[in-house]
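Asker: Starting from these lines, generate the structure:
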Amino acid sequence: MSETDASTRADGAERGLRRSLGFRDLVVYGLLFIAPMAPVGVFGTLDAKSHGAVALVYVVATVAMAFTAFSYAQMVRVAPQAGSVFAYARVGLGRGAGFVAGWMAMLDYVLIPAVAYLFSGIAMNALVPEVSRWVWTALAVVVTTLLNLWGVRAAARVGFLVLAMEIVVLVVFVVAAVVVLARDGAERGWLSPFSGDGSQGAFALSAVLGAVSVAVLSYLGFDAIASFAEEVTGGSAKVARALLFCLAVAGVLFVAQTYLAALLEPVASAELAADPEKQGSAFYDAVDASVGTWLHDLVAVSKAIGAAFAALAGQAAAGRLLFAMGRDRRLPGVLARTDDGVPRVALLCSAVVTLVAAVWAARRDDGLDRLVSVVDVGALTAFTLLHASVVGWFVVRRAGGPVVWWRHLVAPVLGAAITVAVIVEASGTAQVVGAVWLAVGLGVLVVQRGREPERGRGSGG
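Answerer: Numbers count the residues shown, from 1 in each chain. Have a look, this model is predicted:
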């Protein structure tokens, strides 16, 4: 009997998740959460920061995030459970570290969907300005929550259609860009997206690395795949393959679209750096100037729908995290209840918190900036503990058989160094929010440990 089955039976027959997901479903959830055209919103910022070497930024960012994907792929085989990083840190570092990892990941899993819902509300408000953006935002939350409550398999089917639409729009952009480039030529040098456009001087590796700290945020969400480990048919190896596959696909898509957009961009990176207001719309402006408004509108509609379903995947992952922490009694046990294999209580709790955050932000002029500034710290802290879990399980505890030093020590240490570096580069607001959230979590942990003798302390590692 697996550890998951044992814990499920111990907590009652109504607390199990239904195994119904295949490899394609996992890939759909992963790519939905990442969003195939995620670089659209940050293209101008990255172009300015990297001195025009925006495609190179995504090559480096993909390699950097590969260390995190590799650590996930190792630990999902060790603890194929719904809690993802919560479960991994628990077995690799102990129950206290597991709680901290889950607590920090919770901040990410609640706020990233809120940001995505807000993106959807803003896009729909631009298309139908008569309806307030907070109404569109709330509507997106309600529709996707109903799909999640329907069941993970049903949500994956609808998500597949949305993902297909996003891929089609991306293909249309690529074809249109290639036609324009073949007809009119490039605005910049053909290799400039990898070497810089020269408007800010010679190529600077430090500028590229500074932009990478922003670009890695485009990948946040691929790890949500691991949250569905207890609902996959075929074992944890399938989850590991899906993680690595999603990261590779996202990397290729991100590099391709930023390369083409950079070639179409008529504004030099130095001008973007000098005028930050142009950065947010740089991708759209390049499309407008070279291809036409029709493609701008098509991309905008795709982003509106895609953002809502990115939030759907994030909300589903958040529900599984709350479910796992409730089952382990690290959060109220009611969160571990399921109905026909669906953790509806956990999903509803996640949806309510996300709805409040998204609508609050939608009703403020600076709401988007406030949300975006804090979404990354929770995930990056959890990623750091994930890497430490690999070292803890395989090197310190020697519980995974013979130690393979490059796999069990070198790779996770490099991965942790990258995530710590990105946290250091985060905004002051993000660091403060992350520190406060961590402090609250440590307080909760202290209270729980004080009560453990009453529940039979010593049941975990």
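
Asker: switch to C-alpha atoms for all contacts and neighbour counts from now on
Answerer: Fine.

Asker: so who does the closest residue to Val420 other than its chain neighbours touch?
Answerer: Distances taken as CA to CA, 6 or more residues apart in numbering place Thr384 nearest to Val420, at 7.0 Å, with adjacent residues excluded. By CA atoms under 8 Å, 6 or more residues apart in numbering, Thr384 lies in contact with Gly415, Ala416, Thr419, Val420.

Asker: Okay, Thr384 and Tyr72: tell me how far apart.
Answerer: Distance of Thr384 to Tyr72, computed by CA to CA, to the nearest Å: 11 Å.

Asker: what does Val345 give?
Answerer: 27 Å.

Asker: who's more crowded, those two?
Answerer: Neighbour tally, Val345 and Tyr72, criterion other CA atoms under 10 Å: the higher count belongs to Tyr72, 27 against 19.

Asker: mean confidence for the helix or strand hosting the more buried one?
Answerer: Tyr72 is part of helix 54-78 when elements are defined by DSSP states H and E. Average pLDDT, helix 54-78: 90.

Asker: Then stretch 163-183?
Answerer: 90.

Asker: neighbouring contacts of that stretch?
Answerer: So stretch 163-183 is contacted by 28, 31-32, 36-37, 257, 260-261, 263-264, 290-291, 295, 298-299, 302-303, 306 (CA under 8 Å, 6+ apart).

Asker: Send me that stretch as PDB with only the CA atoms.
Answerer: The C-alpha trace of stretch 163-183 is given here as PDB (Å, rounded to 0.1, in the frame of the first residue of the first chain):
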ATOM      1  CA  LEU A 163      -5.100  26.100 -24.900                       C
ATOM      2  CA  ALA A 164      -5.700  25.000 -28.500                       C
ATOM      3  CA  MET A 165      -7.100  28.500 -29.200                       C
ATOM      4  CA  GLU A 166      -4.000  30.100 -27.600                       C
ATOM      5  CA  ILE A 167      -1.700  28.000 -29.700                       C
ATOM      6  CA  VAL A 168      -3.600  28.900 -32.900                       C
ATOM      7  CA  VAL A 169      -3.300  32.600 -32.100                       C
ATOM      8  CA  LEU A 170       0.400  32.200 -31.500                       C
ATOM      9  CA  VAL A 171       0.800  30.300 -34.800                       C
ATOM     10  CA  VAL A 172      -1.100  33.100 -36.600                       C
ATOM     11  CA  PHE A 173       1.300  35.700 -35.000                       C
ATOM     12  CA  VAL A 174       4.300  33.600 -36.100                       C
ATOM     13  CA  VAL A 175       3.100  33.200 -39.700                       C
ATOM     14  CA  ALA A 176       2.200  36.900 -39.900                       C
ATOM     15  CA  ALA A 177       5.500  38.000 -38.500                       C
ATOM     16  CA  VAL A 178       7.500  35.700 -40.900                       C
ATOM     17  CA  VAL A 179       5.500  37.100 -43.900                       C
ATOM     18  CA  VAL A 180       6.200  40.700 -42.900                       C
ATOM     19  CA  LEU A 181       9.900  40.000 -42.300                       C
ATOM     20  CA  ALA A 182      10.200  38.200 -45.600                       C
ATOM     21  CA  ARG A 183       8.500  41.100 -47.400                       C
END
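
Asker: Figure out how far that stretch is from the centre of its chain.
Answerer: Its chain's C-alpha centre and that of stretch 163-183 lie 24 Å apart, by CA atoms, centre = their mean, to the nearest Å.

Asker: Strands of this structure, start to end?
Answerer: Counting by DSSP state E, the chain forms no strands at all.

Asker: low-confidence ranges in it?
Answerer: 1-17, 19-20, 82-83, 152-153, 280, 365-366, 368-370, 372-373, 427, 451-461 (pLDDT under 70).

Asker: Need phi/psi at the residue most central in space within the chain.
Answerer: Centroid-nearest residue in the chain, with CA atoms, centre = their mean: Gly221, separated by 1.9 Å. Backbone torsions of Gly221, given as degrees, to the nearest 10, read phi 120, psi -30.

Asker: hang on, it packs against Tyr29?
Answerer: No: the pair Gly221 / Tyr29 is not scored as a contact, 9.0 Å apart, by CA atoms under 8 Å.

Asker: Check which helices and strands the lengthiest helix in the chain is in contact with.
Answerer: The residue-count maximum for a helix in the chain (DSSP state H) belongs to helix 293-327. In terms of contacts (3 or more CA pairs under 8 Å, 6 or more residues apart in numbering; DSSP states H and E), helix 293-327 is packed against helix 23-34, helix 95-127, helix 133-150, helix 152-184, helix 282-290, helix 344-362.

Asker: distance of the residue nearest to Val420 from Val42?
Answerer: With CA to CA as the criterion, Thr384 and Val42 are 24 Å apart.

Asker: same question, Ala202
Answerer: In terms of CA to CA, Ala202 sits 23 Å off from Val42.

Asker: Pick out whichever of those two has more residues nearby.
Answerer: When neighbours are counted by other CA under 10 Å, Ala202 and Val42 differ, and Val42 comes out ahead with 18 against 11.

Asker: Could you pull up phi and psi at that one?
Answerer: Per degrees, to the nearest 10, the backbone of Val42 is at phi -110, psi 10.

Asker: where's it relative to Pro276, distance?
Answerer: On the measure of CA to CA, Val42 and Pro276 end up 11 Å apart.

Asker: do the same with Ala211
Answerer: 15 Å.

Asker: now do Leu147
Answerer: 38 Å.

Asker: who has more neighbours, those two?
Answerer: Shown here are Leu147 and Pro276; by other CA under 10 Å, Leu147 has more neighbours (18 against 14).

Asker: All good on my end, thank you.
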